[in-house]
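**Student:** For reference, the sequence and a predicted model appear below.
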Amino acid sequence: MPYSFHSHSGQFCKHAVGLLEDVVKEASDQGFEIYGLTEHAPRYRAKDLYPEEVDTSVEGLMSQFEAFLNEAHRLRNAYTSSLSLLVGLETEYISPLDIDGLSKLLDSHKGRIDYIIGSVHHVNGIPIDFDSNTYRRCLDSIPLPTHVTDPIHTDQEHERLGVFLDMYFDAQFELLSRFQPELIGHVDLCRLYTPDLRLHAYSRAWNKLERNVKFAVAYGALFEVNAAAFRKGWRTAYPGDDVAQLIILCGGRFALSDDSHGPHAVGQNYGRTRDYLMHIRVRELWALERTEAPNTGGRYTRPVREVQAFLYSGADYGPLAQRHGTLSVRPPFRDFTI
């Protein structure tokens, strides 16, 4: 049966909708066996609040996160007979304050946070996935690299994009190094608004990505196959086919996520995601389960190979197809060889 390890609710995330229990109930009704509850970690500067958070404070974000943990553990107990719930969080990395804050947060809630999703949503202190105008503002804020001596006759867009990608993958590497997240979240979110961008065209950034992938593989992380890219207009899930092939070549393992932002998006586009996984020749998926022994990050989950049935089911997945009209025809992905 399906799994997901990445979700949000309007109760604890202003850009999502619905109560957390509505999300859990929908997952239970659809027959999910494991569902991960992963609201965003708090942010620590007023300047990092989003426009929809004008009535919120930094202190309010911390209280909101603690309320999330309390509700998530209540739901875990309430739904234990029908659904295994894991309680996690999705990281933020905007400034060093987020790294220090996350370290303290994990220490203060030891044993209550099963796993973390290592995600980067900002570059140069600016959101990269809020809207296209904010992404454009982020790119414009990136200084030209020092090797550019003739800015007038240089392709400034290409050069700035290269530095942007370098900054993104360096921030990602710091998260991996500091916290060893169990799940790597939408690893190529950096090209949300440029889905056809081939990252290997930027050799420095590609080398940094390969460093990150190899590091994550070495300590045992899973890479999420995130179905939300389809509702963002992509022809693939995250990661795109070039990054997915790199992960495969490096021995990486994949886990399934819907990245739902409300009950309406639970399991959304899982049929298309399965077609994509089969197209890129992923032969197995992995899940997380709680364990009594701590992992490399000091939390109590481990990866298990459990969900091949999702890939090899002959028809679109049960109630998911009925609710979401999932596709049975693969989109025309380009072939890619590293």
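**Tutor:** Good, I have the coordinates. Numbers count the residues shown, from 1 in each chain.

**Student:** Leaving out sequence neighbours, find the closest residue to the residue most central in space within the chain.
**Tutor:** In the chain, the C-alpha closest to the average C-alpha coordinate belongs to G185, at a distance of 2.5 Å (CA atoms, centre = their mean). Nearest-residue entry for G185: S119, 3.4 Å, with adjacent residues in sequence omitted and distances by CB to CB, 6 or more residues apart in numbering. Heads up, the C-betas are built off the backbone N, CA and C, glycines and all.

**Student:** quick one on the thing from earlier: and the residue nearest to the centre of the chain, what does it touch?
**Tutor:** For G185, the contacting residues are H6, E90, T91, I117, G118, S119, E224, N226, S257, taking CB atoms under 8 Å, 6 or more residues apart in numbering as the criterion.

**Student:** next one: K110
**Tutor:** Counting by CB under 8 Å, 6+ apart, K110 touches G298.

**Student:** same thing with the one 3 residues further on?
**Tutor:** Contacts for I113 were tallied using CB under 8 Å, 6+ apart; they are L69, V87, G88, L89, L106, R299.

**Student:** Buried ones among those residues?
**Tutor:** Buried residues within the contacts of I113, defined by neighbour count using 16 or more other CB atoms under 10 Å: L69, V87, G88, L89, L106, R299.

**Student:** which residues of the stretch 101-250 of the chain fall in strands?
**Tutor:** Taking DSSP state E, counting those that start in this stretch as the test, the strands found in the stretch 101-250 of the chain are 115-118, 122-123, 126-127, 183-184, 222-226.

**Student:** Just put those strands in a markdown table and tack on mean neighbour count, mean pLDDT and distance to P143.
**Tutor:** Compiled in a markdown table, the strands of the stretch 101-250 of the chain are given as follows (neighbours: other CB atoms under 10 Å; pLDDT from 0 to 100; distance: least, CB to CB, whole Å):
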| stretch | mean neighbour count | mean pLDDT | distance to P143 |
| --- | --- | --- | --- |
| strand 115-118 | 25 | 98 | 26 |
| strand 122-123 | 22 | 98 | 12 |
| strand 126-127 | 18 | 98 | 13 |
| strand 183-184 | 26 | 98 | 28 |
| strand 222-226 | 27 | 98 | 31 |
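
**Student:** Any idea which of those strands gets closest to E157?
**Tutor:** Closest of those to E157 is strand 122-123, at 15.3 Å (criterion: CB to CB).

**Student:** helices and strands around that closest one, which ones?
**Tutor:** Secondary structure elements in contact with strand 122-123, counted by 3 or more CB pairs under 8 Å, 6 or more residues apart in numbering; DSSP states H and E, are helix 156-179.

**Student:** switch the cut-off to 10 Å
**Tutor:** Counting contacts by 3 or more CB pairs under 10 Å, 6 or more residues apart in numbering; DSSP states H and E, strand 122-123 is packed against helix 132-141, helix 156-179.

**Student:** who does it pair up with?
**Tutor:** Using DSSP bridges, the strands paired with strand 122-123 in its sheet are strand 126-127 (antiparallel).

**Student:** Buried residues in stretch 126-144, which are they?
**Tutor:** Taking 16+ other CB under 10 Å as the neighbour-count basis, stretch 126-144 is seen to contain the buried residues I126, P127, I128, D129, F130, Y135, C138, L139, I142.

**Student:** would you list every one of the helices in the protein?
**Tutor:** Residue ranges of the helices in the chain, as given by DSSP state H, are 20-29, 58-78, 96-108, 132-141, 156-179, 203-219, 228-231, 241-249, 270-279, 308-312, 318-324.

**Student:** So for R43, which of those sits nearest?
**Tutor:** When those are ranked by proximity to R43, the top entry is helix 58-78, at 6.0 Å, counting by CB to CB.

**Student:** measure stretch 286-300 end to end?
**Tutor:** Between the opening and closing residues of stretch 286-300 we find a distance of 16 Å, counting by CA to CA, to the nearest Å.

**Student:** ok now that stretch, how far from the chain's centre?
**Tutor:** Counting by CA atoms, centre = their mean, to the nearest Å, stretch 286-300 is centred 18 Å from the centre of its parent chain.

**Student:** Just to check, E182 is in contact with R253?
**Tutor:** No. Here E182 does not reach R253: they are 11.1 Å apart, not a contact under CB atoms under 10 Å.

**Student:** who's more crowded, these two?
**Tutor:** Comparing E182 with R253 by other CB atoms under 10 Å, the one with more neighbours is E182, at 28 against 18.
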